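Asks: Fold the following.
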Amino acid sequence: MRRDYFGVSLTNLDDDTSEPQQPTLSISYTGPREKFSGWHNHADGTPLAAADVDVSFRLKRPLTTDGSDGVLAVTNRTTGEFILEVNLETREVLRFIRVARRYGNLSDGEKHYTLQLDGTEEDVAFEKATFLVYSHTGELLHQHSLIPSGVEL
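Replies: Numbering: from 1, shown residues only. Next comes the predicted model:
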């Protein structure tokens, strides 16, 4: 599926407040409906839950490169299939993860951010705690990822 069918909005990123709001990663779909139908269901037709969906970001170039960007991916954890991929600026993703980490630490909640998918046959929102960041060579960048305590990768 074409990446230009998707738009991304990152909200609630004001990390200077004493009571931050849960950050939201909103992805909107503007392509043909038939190309993105049924994505939110298992093969048996039951809806995917938050635990069935993984969010990750892969850098296209080294992190030290100015103007670095990467690919945000949402995948079905059960099948490993990509639900969607969209290009995004690294700087924005790292800021989002910093705010989500701070929100989770201050709220003592298990869910650090909301993943919202709009523009399909059914808009869906998942509360998530994990967001993995990989280098341009495929190495997991633990220090930049959002990994709940007690989780080993």
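Asks: so what's the residue nearest to the spatial centre of the chain closest to, chain neighbours aside?
Replies: Closest residue to the average C-alpha location of the chain: Val55 at 4.0 Å, with Cα atoms, centre = their mean. Excluding the flanking residues, the one nearest Val55 by Cβ to Cβ, 6 or more residues apart in numbering is Phe131, at 5.1 Å. C-betas here are computed from N, CA, C, even on glycine.
Asks: repeat for Leu132
Replies: Per Cβ to Cβ, 6+ apart, closest to Leu132 is Ser56, 4.3 Å.
Asks: Please apply the same query to Thr90.
Replies: Ser68 (4.3 Å).
Asks: I figured that neighbour hits Lys60, correct?
Replies: Yes: assessed by Cβ atoms under 8 Å, Ser68 is found in contact with Lys60 at 7.1 Å.
Asks: The two: which has the busier surroundings?
Replies: Neighbours of Ser68 and Lys60, each counted by other Cβ atoms under 10 Å, are more numerous for Ser68; the result is 17 against 12.
Asks: What are the boundaries of the strands in the protein?
Replies: 6-11, 24-29, 53-59, 69-76, 82-89, 113-118, 124-128, 132-134 (DSSP state E).
Asks: To Ile97, which of those lies closest?
Replies: The closest of the strands of the chain to Ile97 is strand 132-134. By Cβ to Cβ, the value is 7.1 Å.
Asks: Going by contacts, tell me the helices and strands next to that closest one.
Replies: strand 53-59, helix 90-107 (3 or more Cβ pairs under 8 Å, 6 or more residues apart in numbering; DSSP states H and E).
Asks: Pipe these into CSV and attach distance to Glu139 and mean pLDDT per row.
Replies: Formatted as CSV, the helices and strands packed on strand 132-134 follow (distance: least, Cβ to Cβ, whole Å; pLDDT from 0 to 100):
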stretch, distance to Glu139, mean pLDDT
strand 53-59, 10, 96
helix 90-107, 15, 90
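Asks: out of those, deepest packed?
Replies: Sort these by mean neighbour count, taking mean count of other Cβ atoms under 10 Å, and strand 53-59 sits at the top with a mean of 19.
Asks: about what we covered before: could you dump the strands of the chain to TSV with distance to Phe36?
Replies: Below are the strands of the chain laid out as TSV (distance: least, Cβ to Cβ, whole Å):
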stretch	distance to Phe36
strand 6-11	9
strand 24-29	5
strand 53-59	15
strand 69-76	12
strand 82-89	8
strand 113-118	9
strand 124-128	12
strand 132-134	23
